[in-house]
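A.B. asks: Need a 3D model of the sequence below.
(2 chains)
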Amino acid sequence: MGEYNPWVGGALMDTSANYTETFLELIRRASTELPADVVAAIEEGRDAEESQGLASIALGTILNNIELARENSAPICQDTGTPVAWIHHPSGVSTRRLKADFETAVREATARRFLRPNAVNTLTGSNTGDGAGRGIPFIHFEEWDGPGIEVRMILKGGGSENVGTQYKLPDAGLGAGRDLDGVRRAVLDAVFQAQGKGCAPGVLGVCVGGDRVSAFEESKRQLLRPLKDSNPAPELAELEERLLREGNELGIGPMGFGGATTLLAVKVGILDRLPACYFVTISYMCWADRRAAVSIDQGGDVTWLS
Amino acid sequence: MAELKLPVSEETIRGLEVGDFVELSGRMITGRDAAHKWLMEEYREEVAPFMKDSVIYHCGPVVASNDDGTHDFVAAGPTTSIREEPYQADVIGRYGLRGVIGKGGMGAKTLAGLAEYGAVYLHAVGGAAQVLARAIPRVERVFMLEEFGVPEALWVIDVERFPVIVTMDSHGGSLHDKVEEHSQEKLRELLGFAV
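C.D. replies: Residues are numbered from 1 along each chain as shown, chains lettered A, B, ... in the order given. Alright, predicted model coming up:
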């Protein structure tokens, strides 16, 4: 295939390739197999709870459920959420075709019941029936220098989406100024407001800065990070650790039953902002933190990523 | 863990308290956002017999439709209940429900309704769609499937040892209120406010 040149990158890929099968398998994995780091975090949570208590029983049921879903290749949760994908591609690859293939995969995954028909017409209230609709799935494309395609996706359930929120600082009620302590106050308030309604224990994706749109996107992109990674910015790494500790001190616990495990992880990203704006944006991911990723190389070979 | 047969009497329900584990067996119905609005628009005679002295399950399942016209639940955990808060107490009163299954708990109006009519709020483990689908061996029939779609239709189901926890009882008790109060105190402490 010769030396790779990012400026003509896509020309080295088979631009007529159809990725529907790969995307279908990606969606199946996301819906039915929880990532190992998430399972480990839930296990840690269960071990930290008082045995026979409500929190421990809830986490035990959750772990049992994760196992059943994997064995039966069936959805972990009946709310299979909005498929949100981030696709990196070389130049020359048609994003329209990638989008069409991904949508076809969503329809096929719905027909095979890896996904629930989850797109409702907002005017008529009728369900499209096939899982796809206006703005569903939601795909972000970015061209990169790499020779292949990488797809990272999450399934974002509705219960957790409803407890996502956005603060603008300063916020007098929270005593939150425009600094990282203000961010801490806003995020802790969001965890309190969510109680168990987002299917705690949850993972928080947080964006500080940006505008009202870019910030929500960035907060969701943070959810792609492995739970145990460390933020490269030391002040954000410290904030993440503190928020995880203090969020759990709230004692809301699994399902809001009370307990030590309210959050599994907190991930904070930043965007630059307008002088007038200081947003703290929080996306709450339920314990069923369904993410999956795949890379497709120039020859079309597929590698499943964690 | 106590097994509770559906339909169930008011007396049995009034004997339940916050923190009790219960396993439900018998017939119940699912209903969520569109269903609750529909149930209150007018009295829906066709579904009323399936609700009287039984429970409504806030659930939008994944369903397999078989060639012979029958259905099976493939994944069936609870959805967030608080969205039905404007309707729930009235639905309980109008249709004679003895309980509501969901997740996340409900508010003051529902809590008052539980006490007034003799009903309980039963919390299923959110997201445990496989564990709970296994406790639903049979789908009897469905209402409003065409109009509302699979997640929002009212499914009449038979359940066997369906595991739930009483988090709101008919005596004004609510685990959700308790946890919220406690976590609010803790939040004020973490923010350095006077408790």
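A.B. asks: Show the pLDDT at residue 41.
C.D. replies: Let's take chain A. Note for residue A:41: predicted pLDDT of 98.
A.B. asks: actually chain B
C.D. replies: pLDDT recorded at residue B:41 is 97.
A.B. asks: What of residue A:9?
C.D. replies: At residue A:9, pLDDT is 60.
A.B. asks: how many other residues sit next to the residue of chain B found nearest chain A?
C.D. replies: Relative to chain A, the nearest point of chain B is residue B:149 (2.8 Å; C-beta to the nearest C-beta). (Each C-beta comes from the backbone N, C-alpha and C, glycine too.) By other C-beta atoms under 10 Å in any protein chain shown, 22 other residues sit near residue B:149.
A.B. asks: Next one: the spatially closest residue to it that is not a sequence neighbour relative to residue A:104, how far apart?
C.D. replies: Spatial nearest neighbour of residue B:149, chain neighbours left out: residue A:127 (2.8 Å); criterion: C-beta to C-beta, 6 or more residues apart in numbering or on different chains. Applying C-beta to C-beta, to the nearest Å, the value for residue A:127 to residue A:104 is 19 Å.
A.B. asks: Surely residue B:35 touches residue B:144?
C.D. replies: Yes - Residue B:35 lies in contact with residue B:144 (C-beta atoms under 8 Å); the separation is 7.1 Å.
A.B. asks: the more surrounded of the two?
C.D. replies: A count of neighbours by other C-beta under 10 Å puts residue B:35 above the other of residue B:35 and residue B:144, at 26 against 18.
A.B. asks: so what's that one scoring on pLDDT?
C.D. replies: 97.
A.B. asks: which residues does it contact?
C.D. replies: B:144, B:148, B:152-154 (C-beta atoms under 8 Å, 6 or more residues apart in numbering or on different chains).
A.B. asks: List the buried residues for the helix or strand containing it?
C.D. replies: Using DSSP states H and E, residue B:35 sits within helix B:33-41. Across helix B:33-41, burial judged by 16 or more other C-beta atoms under 10 Å in any protein chain shown covers B:33-36, B:38-40.
A.B. asks: For it, output the C-alpha coordinates as CSV.
C.D. replies: C-alpha atoms of helix B:33-41 as CSV (Å, rounded to 0.1, in the frame of the first residue of the first chain):
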residue,chain,number,x,y,z
ASP,B,33,-45.4,8.2,30.3
ALA,B,34,-48.0,8.0,27.5
ALA,B,35,-50.0,5.4,29.5
HIS,B,36,-50.4,7.6,32.6
LYS,B,37,-51.6,10.6,30.5
TRP,B,38,-54.0,8.3,28.7
LEU,B,39,-55.3,6.6,31.9
MET,B,40,-56.3,10.0,33.2
GLU,B,41,-57.8,11.5,30.1
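A.B. asks: Can you give me the buried ones in the helix or strand following that helix?
C.D. replies: Following helix B:33-41 in sequence order, the next helix or strand is helix B:48-51 (DSSP H and E). For helix B:48-51, burial by neighbour count (16+ other C-beta under 10 Å) applies to B:50-51.
A.B. asks: got it, and stretch A:47-63?
C.D. replies: A:49, A:53-63.
A.B. asks: just these that are near chain B?
C.D. replies: Filtering the buried residues of stretch A:47-63 for proximity to chain B (criterion: C-beta under 8 Å from any C-beta of the partner chain) leaves A:54, A:57-58, A:61-62.
A.B. asks: I'd like the residues you listed written out as CSV, with secondary structure added.
C.D. replies: Formatted as CSV, those follow (DSSP: H, G, I helix; E, B strand; the rest coil):
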residue, secondary structure
A:54, helix
A:57, helix
A:58, helix
A:61, helix
A:62, helix
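A.B. asks: Need the per-residue pLDDT for residue A:92.
C.D. replies: At residue A:92, pLDDT is 88.
A.B. asks: can you check residue A:16 too?
C.D. replies: We note a pLDDT of 78 for residue A:16 in this prediction.
A.B. asks: Identify each buried residue in the longest strand along chain B, please.
C.D. replies: With secondary structure taken from DSSP state E, chain B has its longest strand at strand B:154-168. Of the residues in strand B:154-168, B:154-159, B:162-168 count as buried by neighbour count, 16+ other C-beta under 10 Å.
A.B. asks: who has more neighbours, residue A:127 and residue A:104?
C.D. replies: Between residue A:127 and residue A:104, counted using other C-beta under 10 Å, residue A:127 has the larger neighbour count: 24 against 17.
A.B. asks: May I have the beta-bridge partners of the more buried one?
C.D. replies: residue A:120 (DSSP bridges).
A.B. asks: Surely it and residue A:116 touch.
C.D. replies: No - using C-beta under 8 Å as the test, residue A:127 is too far from residue A:116 to be in contact (9.5 Å).
A.B. asks: so what's in contact with these two at the same time?
C.D. replies: Common neighbours of residue A:127 and residue A:116 (C-beta under 8 Å, 6+ apart) are B:150-151.
A.B. asks: for residue A:210, helix, strand, or coil?
C.D. replies: Under three-state DSSP, the three-state class of residue A:210 is coil.
A.B. asks: how close does the nearest residue to it once chain neighbours are set aside sit to chain B?
C.D. replies: In this structure, residue A:210 finds its nearest non-sequential neighbour in residue A:271, 3.5 Å apart by C-beta to C-beta, 6+ apart. Separation of residue A:271 from chain B (C-beta to the nearest C-beta, to the nearest Å) stands at 25 Å.
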